[in-house]
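S.K.: Any chance you can model this:
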Amino acid sequence: MAVSVTLPALGESVTEGTVTRWLKAEGERVEADEPLLEVSTDKVDTEIPAPSAGVLTSIKVAEDETVEVGAELAVIDDGEGAPAEAPAPAAEPEPAAQPEPAPTAEAPAAEPAAAAPAGGAEGTDVVLPALGESVTEGTVTRWLKEVGESVEADEPLLEVSTDKVDTEIPAPTSGTLLEILVGEDETAEVGAKLAVIGAADQGVAAPAAAPAEAPAAPAPAPEPAKQEAPAPQAPSAPAPQAATPEPVAPEPAPAAPAPAPAPAAKAPSIPAPASPEAEGAYVTPLVRKLAAEHGVDLGTVKGTGVGGRIRKQDVVAAAEAAKAAARTQAPAPAAAAAPKAKQEVSPLRGQTIKMPRMRKVIGDNMMKALHGQAQLTSVVEVDVTKVMRLRAQAKESFAQREGVKLSPMPFFVKAAVQALKAHPAVNARINDDDTITYFDVENVGIAVDAEKGLMTPVIKGAGDLNIAGIAKKTAELAGKVRSNKITPDDMSGATFTISNTGSRGALFDTIIVPPNQVAILGIGATVKRPVVINHPDLGETIAVRDMTYVALSYDHRLVDGADAARYLTAVKEILEAGEFEVELGL
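M.R.: Presented below is the predicted three-dimensional model:
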């Protein structure tokens with residue numbers, strides 16, 4: 001029987017993917033769930049497993065070609081009557097009506113032995129796919145469906161977090177969720193069986209009989225919106241902290257006139273989101289959570305995703321628009337009266353929450369680096385007056401010519417990589433076998449402060465780029481991080497890292513060297529202050545200069561203090577010379 005291999009849904013708002021490499025050739029034998037090809041999307045690079053064992057008879061999409069989700073990629077001939085491949089037809093996303101009878105007819109004969117240990121359910125296995133290079137496991141953060149609920153092929157089934165990317169896992173076939181084998185907050189290896197999907201009459205009686213109540217748990221926001229009873233709760237919860245009662249948001253219009261004081265508090269108009277996703281459009285829990293955090297009414301948001309689906313970007317844009325509107329509507333006297341230094345009280349104050357996986361991964365990496373290296377920090381002071389003047393002189397023409405803003409960061413990156421070429425001990429790695437690798441390329445990690453925590457995308461070949469190239473790549477990677485489009489490839493391969501801690505006002509930091517590197521450069525805040533300088537005409541005099549501290553943390557097992565000082569001095573000399581006029585077109 002011919003089994004079609006199609007491109008599954010690979011995350012929210014992902015509509016297409018590019019085939020980057022076929023791992024099997026036509027005529028080769030493949031096993032069920034064996035990696036068949038690699039696909040790249042705007043969010044993640046992943047492997048697509050074979051839905052069935054058999055022979056790869058035809059490849060429909062060549063390497064470097066882009067196709068939409070659901071498109072046929074290849075055909076596998078599973079052989080007539082092969083019992084091991086009986087469940088495979090259920091994994092076909094396209095012929096949704098035909099795969100269902102096949103498992104019910106053949107699964108009792110083919111799968112009892114395999115299904116029994118997992119809990120007795122028979123049907124199509126939902127497995128954890130490969131989610132990027134070097135990713136070996138993932139943690140189930142949330143199930144979007146409950147046992148007994150119906151699911152459609154390619155519909156988001158659960159959310160998984162890895163140390164490189166958070167994503168949704170789609171259902172491989174239509175049917176009923178018969179069994180969940182990996183619970184929330186549990187970790188499973190790539191290829192592990194997460195759940196079973198099959199026909200409703202195959203499952204255990206209790207879960208199959210409960211679909212009427214099941215939706216209340218996986219979709220807390222849509223359910224209250226359909227009920228009239230929760231409406232009275234809206235008047236009692238329209239305080240400014242309405243971010244928590246958000247799931248029981250008041251949709252009925254009659255409830256609004258009841259509380260007269262409501263109009264006086266303008267804030268509740270934003271943080272009292274109804275649950276318009278109950279009207280039919282699917283809204284992921286991630287989007288609902290983001291809307292709750294930003295106080296966005298999903299009923300007012302126009303989705304830009306496939307079929308009008310509301311994406312994270314839509315929620316963020318709506319939140320920014322609401323903030324802008326609030327600023328323009330705010331009375332001028334009130335704004336003037338508010339102290340500039342006043343800090344808003346965080347909603348996390350006084351709470352105990354579970355550490356997010358991304359935060360835990362960052363912490364584990366930092367502890368590993370600290371305990372595995374002999375780290376210390378050296379600092380020099382740099383006069384960047386000439387650099388700041390060049391930037392001010394060139395930034396307008398640079399933005400028009402290159403399409404990106406000219407920040408001070410590219411100057412520091414350029415100086416850092418120039419100095420790395422002359423000081424290889426700072427651009428190296430100590431291997432497990434006690435050998436040292438001195439890199440012949442400068443792949444610079446750029447620390448980016450993201451909503452989920454610190455992330456470090458990598459500028460590949462930074463030593464070969466000019467100021468414009470560094471500026472463009474920095475803006476591109478920072479944009480990917482903040483829009484959740486960063487890929488595992490973007491985050492790997494760094495030989496040296498730069499952290500601009502001064503962007504938040506810090507003078508300097510004793511930054512931690514990342515694992516598998518021997519040094520990291522910290523850029524402090526640039527401040528104007530009086531400095532003693534040697535003027536050619538006036539001699540020693542005091543002048544106002546743009547000054548900054550540049551700190552180098554390094555692994556003392558390889559880099560000595562003298563090495564660090566020589567490297568920092570080279571960076572200082574390049575910046576203070578400020579010979580960037582040619583690159584800036586001045």
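
S.K.: helix or strand right after whatever helix or strand A392 lives in?
M.R.: Assessed by DSSP states H and E, A392 sits inside helix 385-402. Note on helix 385-402: by DSSP H and E, the next helix or strand toward the C-terminus is helix 409-422.

S.K.: Which residue ranges of the stretch 251-400 of the chain form strands?
M.R.: 375-383 (DSSP state E, counting those that start in this stretch).

S.K.: got any ranges where it has weak pLDDT?
M.R.: 251-286, 305-309, 327-341 (pLDDT under 70).

S.K.: coming back round to it: so how far is the helix holding A392 off the chain centroid?
M.R.: Put simply, helix 385-402 sits 32 Å off its chain's centre (C-alpha atoms, centre = their mean, to the nearest Å).

S.K.: and it with helix 409-422, angle?
M.R.: 110 degrees (axes from the mean of the first three to the mean of the last three C-alpha atoms, to 10 degrees).

S.K.: Can you list the buried residues in helix 385-402?
M.R.: Across helix 385-402, burial judged by 16 or more other C-beta atoms under 10 Å covers T385, K386, V387, M388, L390, R391, A394, F398, E402. C-beta: built from backbone N, CA, C; applies to glycine.

S.K.: what's the farthest-apart pair in those residues?
M.R.: The largest distance within the buried residues of helix 385-402, taken as C-beta to C-beta, falls between T385 and E402 and amounts to 23.7 Å.

S.K.: just the helices in the stretch 401-550 of the chain please.
M.R.: Per DSSP state H, counting those that start in this stretch, the stretch 401-550 of the chain carries helices over the ranges 409-422, 467-482.

S.K.: Quick one: closest of these to R288.
M.R.: helix 467-482 (20.3 Å).

S.K.: just checking, what packs against the closest one?
M.R.: helix 385-402, helix 409-422, strand 444-446, strand 448-450, strand 458-459, helix 581-584 (3 or more C-beta pairs under 8 Å, 6 or more residues apart in numbering; DSSP states H and E).

S.K.: Among the ones you listed, which comes closest to G54?
M.R.: strand 458-459 (39.4 Å).

S.K.: how much space is there between the residue nearest the centre of the chain and K312?
M.R.: Most central in the chain under C-alpha atoms, centre = their mean is N484, positioned 3.9 Å from the mean C-alpha point. N484 sits 6 Å away from K312, going by C-beta to C-beta, to the nearest Å.

S.K.: Please apply the same query to G522.
M.R.: 31 Å.

S.K.: The residue nearest to the centre of the chain and V316 touch, don't they?
M.R.: No. Counting by C-beta atoms under 8 Å, N484 sits too far from V316 to count as a contact (9.9 Å).

S.K.: What residues are bridge-paired with V67?
M.R.: G17 (DSSP bridges).

S.K.: Residue ranges in this protein under the pLDDT threshold?
M.R.: If you take pLDDT under 70 as the line, the chain has these spans: 11-13, 42-45, 80-121, 132-134, 163-165, 200-286, 305-309, 327-341.

S.K.: for it, what's the longest strand?
M.R.: strand 539-555 (DSSP state E).
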